[in-house]
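Colleague: This is the structure alone, sequence omitted:
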């Protein structure tokens with residue numbers, strides 16, 4: 001298990017390879033469709049500092065707020081990443097991200113962006129949202145909650161020992177592409 005602490009250097013990210021198991025700690029940001037669209041179209045500065053050297057998590061969390069107004073995560077499972085394919089490479093490079101967390105992998109545009117700008121795709125286990133929420137130690141703040149709603153807002157969270165697997169690295173390696181090619185080859189043998 002490789003321990004990564006945010007902010008992460010490009011040098012440390014470029015040491016990672018497909019298949020590496022990672023334990024991530026530090027401040028990261030959730031972001032889905034609305035967040036990615038905003039970051040590409042408007043390039044807002046309010047999120048820039050926290051994202052520099054950090055990781056974006058494709059997650060629409062289930063949250064609760066206590067009587068004092070403090071937020072916490074009830075469930076924090078990954079959402080399907082491919083929806084962000086049109087935006088992800090631009091977001092990684094513009095905001096100097098070192099990683100993207102989600103499920104299902106991403107396509108060639110993102111793969112090229114990871115390679116060019118020094119980042120990795122980290123796969124989180126789908127269906128384990130309440131377990132992953134245990135890794136969320138604190139909600140630091142939330143942006144665009146009123147405008148975007150809970151699942152689409154930018155949640156700035158501190159995680160500790162968030163278990164992940166590198167499935168796309170900064171060298172062009174992609175476990176998702178490997179599996180797709182092997183599956184297609186096997187399917188062609190059957191037909």
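Modeller: Sure, I can see it. Computed from a prediction, not measured in an experiment: that's the story for all the values here.

Colleague: Quick check: residue 29 vs residue 35, distance?
Modeller: To residue 35, residue 29 is 8 Å away according to CB to CB, to the nearest Å. Quick note: C-beta positions are derived from backbone N, CA and C, even for glycine.

Colleague: Give me the common contacts of those two.
Modeller: Residues touching both residue 29 and residue 35 by CB atoms under 8 Å, 6 or more residues apart in numbering: residue 154.

Colleague: Give me the mean pLDDT for the strand or helix carrying residue 112.
Modeller: Using DSSP states H and E, residue 112 maps to helix 108-117. Averaging pLDDT along helix 108-117 yields 97.

Colleague: can you check stretch 81-94 too?
Modeller: Per-residue pLDDT over stretch 81-94 has a mean of 97.

Colleague: Mind listing what's buried along that stretch?
Modeller: For stretch 81-94, the neighbour count (16 or more other CB atoms under 10 Å) marks 81, 82, 83, 84, 85, 87, 88, 89, 90, 91, 92, 94 as buried.

Colleague: Quick check, the first one in contact with residue 100.
Modeller: Okay, so that is residue 81. Yes. Taking CB atoms under 8 Å as the definition, residue 81 is a contact partner of residue 100 at 6.9 Å.

Colleague: roughly how far apart are residue 120 and residue 110?
Modeller: From residue 120 over to residue 110 the distance is 11 Å, taken as CB to CB.

Colleague: Check the buried residues of stretch 81-94 and tell me the two furthest apart.
Modeller: Farthest pair in those (CB to CB) is 82 and 94. Separation: 19.9 Å.

Colleague: where does this structure dip in pLDDT?
Modeller: For the chain, no stretch has pLDDT under 70.

Colleague: is residue 174 in a bridge, and if so with what?
Modeller: residue 168 (DSSP bridges).
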